[in-house]
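Asker: I need the structure of the sequence given here:
(chains A and B)
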There are 2 protein chains.
Amino acid sequence: MTGTPRPRTPGTPPPAANAPSPAEPPEPPARRRGRPPRTESAGTRDRILTAAREEFSARGYEKTSVRGIAKAAGVDSALVHHYFGTKEQVFEAAVEVAFAPAMNAPNAVADGPVEGVGERLTRFVLGVWDNPATRAPLVAILRSAVTNETAAAVFRRLVATQLMRRVAAQLHLPDAELRAELAAAQIVGTALMRYVIKLEPLASADLEQIIARVAPVVQGHLTAP
Amino acid sequence: MTGTPRPRTPGTPPPAANAPSPAEPPEPPARRRGRPPRTESAGTRDRILTAAREEFSARGYEKTSVRGIAKAAGVDSALVHHYFGTKEQVFEAAVEVAFAPAMNAPNAVADGPVEGVGERLTRFVLGVWDNPATRAPLVAILRSAVTNETAAAVFRRLVATQLMRRVAAQLHLPDAELRAELAAAQIVGTALMRYVIKLEPLASADLEQIIARVAPVVQGHLTAP
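Answerer: Numbering: from 1, shown residues only, chains lettered A, B, ... in the order given. Below is the predicted model of the structure:
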């Protein structure tokens, strides 16, 4: 359930069914601490992570506690600390899983001619927002990031290093990161207005119509001289 | 302290000093209920509204109660209900005050040639966000709107009817409201990334550089064929 698949001990249960399929970022952050887990570890770790996602989604960052996550997962708090560390680190792991679908955005950028990059990126990211299953964890993260500084810092670190920098790396331009962020501002602003605030007529407009309007803007931010 | 100045009884205290100067939207919602207030009403009403803004900003919509607002204003809860109605209606009045600086955006659109509308609107709205005094209440509203459906409904109603429709009315185009919302998505998305999430390099970039990049996009959304 982490960013990069790790070898699993034979016989351990598969990842929780409701978790999105993992993306494969090139540099997953090392966050496991202490001695290596025992045989049943993958199942326990996944159960804790699933409980953490549900707790953070339902309560937001501030009201969620390591104790509450442990209780929901049916384990001792010490085990949560053993696998993930602090509450902030549990949150980071949960955010990483929630972000897994969006983490393919850099591939959408790389996967085709540069003239189509605006449409590919817009279509991909708004597609992730348009699907209720992949939207829910994003809304939960956004809520936590907007209301809590620690959660914002986690969001910032993950989005900056794993998403923006990887999109920027495809552009081969000196101000690529700022370009990527202004493009993201248009896409995320549109998603916020349409799916969270639900401002009309934007909320009910056809997705293709929105992509047709937003894609040229994203293209401009990313590639215009 | 409402959207439209009302005649004040001579001798009543002026509006609270920390409230922004009121904008003048053409159709303020009628929300005062019951019999007209007595002589000391303007001072009491303003004190309640100031307390409400502080409570909603500090705690968010969900954790704020009419009882807490009344306590902070040094009045009975019944008086809060008398002047404003429900908690949702107190919130709406508080949001209207917080939004007062942004409510001049339609004037920024109207006040000059159509070729400059993108720059005027971008400069005006990012200017409101760039000023910590006018930014704080906007961040507070955004937090409440993102985390609570009732608060989102209030935000939606105010932004839609008092901001988007008035900007759209300046454009004289059939799809003007969708245009205004996509322009707002770029500006608000940029403000969110820069001032709330604080994503770098966007957060530290020179404001003029950001305006120079965002204004043509806003212009395009608002006026491109």
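
Asker: okay, CA-based contacts and neighbour counts for the rest of this
Answerer: Will do.

Asker: residues from chain A in reach of chain B?
Answerer: A:143, A:145-147, A:152-153, A:155-156, A:160, A:177-178, A:181-182, A:184-190, A:192-193, A:196-202, A:213-214, A:217, A:221 (CA under 8 Å from any CA of the partner chain).

Asker: out of those residues, which are inside helices?
Answerer: Mapping the residues of chain A next to chain B onto helices (DSSP state H) picks out A:143, A:145-147, A:152-153, A:155-156, A:177-178, A:181-182, A:184-190, A:213-214, A:217, A:221.

Asker: could I have stretch A:204-220 exported to PDB, CA atoms only?
Answerer: Output of stretch A:204-220 as PDB, limited to C-alpha atoms (Å, rounded to 0.1, in the frame of the first residue of the first chain):
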ATOM      1  CA  SER A 204     -23.200  20.800 -13.700                       C
ATOM      2  CA  ALA A 205     -21.300  21.600 -16.900                       C
ATOM      3  CA  ASP A 206     -20.200  18.700 -19.100                       C
ATOM      4  CA  LEU A 207     -16.700  17.500 -18.200                       C
ATOM      5  CA  GLU A 208     -15.600  17.600 -21.900                       C
ATOM      6  CA  GLN A 209     -16.700  21.300 -22.100                       C
ATOM      7  CA  ILE A 210     -14.600  22.000 -19.000                       C
ATOM      8  CA  ILE A 211     -11.600  20.100 -20.400                       C
ATOM      9  CA  ALA A 212     -11.900  22.100 -23.700                       C
ATOM     10  CA  ARG A 213     -11.700  25.400 -21.800                       C
ATOM     11  CA  VAL A 214      -9.100  24.500 -19.200                       C
ATOM     12  CA  ALA A 215      -6.700  22.400 -21.400                       C
ATOM     13  CA  PRO A 216      -5.400  25.400 -23.600                       C
ATOM     14  CA  VAL A 217      -4.800  27.400 -20.400                       C
ATOM     15  CA  VAL A 218      -2.700  24.500 -18.900                       C
ATOM     16  CA  GLN A 219      -0.900  24.100 -22.200                       C
ATOM     17  CA  GLY A 220      -0.100  27.900 -22.100                       C
END
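
Asker: which of the residues in that stretch are buried?
Answerer: Buried residues in stretch A:204-220, defined by neighbour count with 16 or more other CA atoms under 10 Å in any protein chain shown: A:210-211, A:213-220.

Asker: now that stretch: how far from the chain's centre is it?
Answerer: Its chain's average C-alpha position is 22 Å from that of stretch A:204-220, according to CA atoms, centre = their mean, to the nearest Å.

Asker: continuing past the helix ranked longest in chain A, what's the next helix or strand?
Answerer: Longest helix in chain A, counting residues (DSSP H): helix A:41-63. For helix A:41-63, the following helix or strand on the C-terminal side (DSSP states H and E) is helix A:66-73.

Asker: Alpha carbons only: can I get that next one in PDB?
Answerer: Coordinates of each C-alpha in helix A:66-73 appear next as PDB, following Å, rounded to 0.1, in the frame of the first residue of the first chain:
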ATOM      1  CA  VAL A  66      -2.900   7.700  16.900                       C
ATOM      2  CA  ARG A  67      -4.900   6.100  19.600                       C
ATOM      3  CA  GLY A  68      -8.100   6.400  17.600                       C
ATOM      4  CA  ILE A  69      -6.300   4.900  14.500                       C
ATOM      5  CA  ALA A  70      -5.000   2.000  16.600                       C
ATOM      6  CA  LYS A  71      -8.400   1.300  18.000                       C
ATOM      7  CA  ALA A  72     -10.000   1.300  14.600                       C
ATOM      8  CA  ALA A  73      -7.300  -1.100  13.300                       C
END
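
Asker: got the buried residues for it?
Answerer: A:66-67, A:69-70, A:72-73.

Asker: if we can go back for a sec, could I get the buried residues of stretch A:204-220 as JSON lines with pLDDT?
Answerer: Listed next are those as JSON lines, based on pLDDT from 0 to 100:
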{"residue": "A:210", "pLDDT": "97"}
{"residue": "A:211", "pLDDT": "97"}
{"residue": "A:213", "pLDDT": "96"}
{"residue": "A:214", "pLDDT": "97"}
{"residue": "A:215", "pLDDT": "96"}
{"residue": "A:216", "pLDDT": "96"}
{"residue": "A:217", "pLDDT": "96"}
{"residue": "A:218", "pLDDT": "95"}
{"residue": "A:219", "pLDDT": "95"}
{"residue": "A:220", "pLDDT": "94"}
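
Asker: Dump these to TSV, plus distance to residue B:94.
Answerer: Shown next, in TSV, are these (distance: CA to CA, whole Å):
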residue	distance to residue B:94
A:210	32
A:211	35
A:213	34
A:214	33
A:215	36
A:216	38
A:217	35
A:218	35
A:219	39
A:220	38
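
Asker: Just flag the most distant two among these.
Answerer: Farthest pair in the buried residues of stretch A:204-220 (CA to CA) is A:210 and A:220. Separation: 15.9 Å.

Asker: Dump the helix-or-strand element of chain A with minimal mean pLDDT to CSV, keeping only the CA atoms.
Answerer: For chain A, using mean pLDDT, DSSP states H and E, the weakest element among its helices and strands is helix A:105-110, scoring a mean of 82. Written as CSV, here are the backbone C-alpha positions of helix A:105-110 (Å, rounded to 0.1, in the frame of the first residue of the first chain):
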residue,chain,number,x,y,z
ALA,A,105,0.0,12.7,-13.8
PRO,A,106,3.7,13.1,-14.8
ASN,A,107,3.3,10.0,-17.0
ALA,A,108,0.3,11.7,-18.6
VAL,A,109,2.6,14.7,-19.4
ALA,A,110,5.4,12.5,-20.7
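
Asker: Sort out which residues of it are buried, please.
Answerer: A:105-106, A:108-110.

Asker: What helices and strands are in contact with it?
Answerer: Under the contact criterion of 3 or more CA pairs under 8 Å, 6 or more residues apart in numbering or on different chains; DSSP states H and E, helix A:105-110 touches helix A:117-130, helix A:165-169.

Asker: Take these and lay them out in a markdown table including mean pLDDT and mean neighbour count.
Answerer: Compiled in a markdown table, these are given as follows (pLDDT from 0 to 100; neighbours: other CA atoms under 10 Å in any protein chain shown):
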| stretch | mean pLDDT | mean neighbour count |
| --- | --- | --- |
| helix A:117-130 | 93 | 22 |
| helix A:165-169 | 84 | 21 |
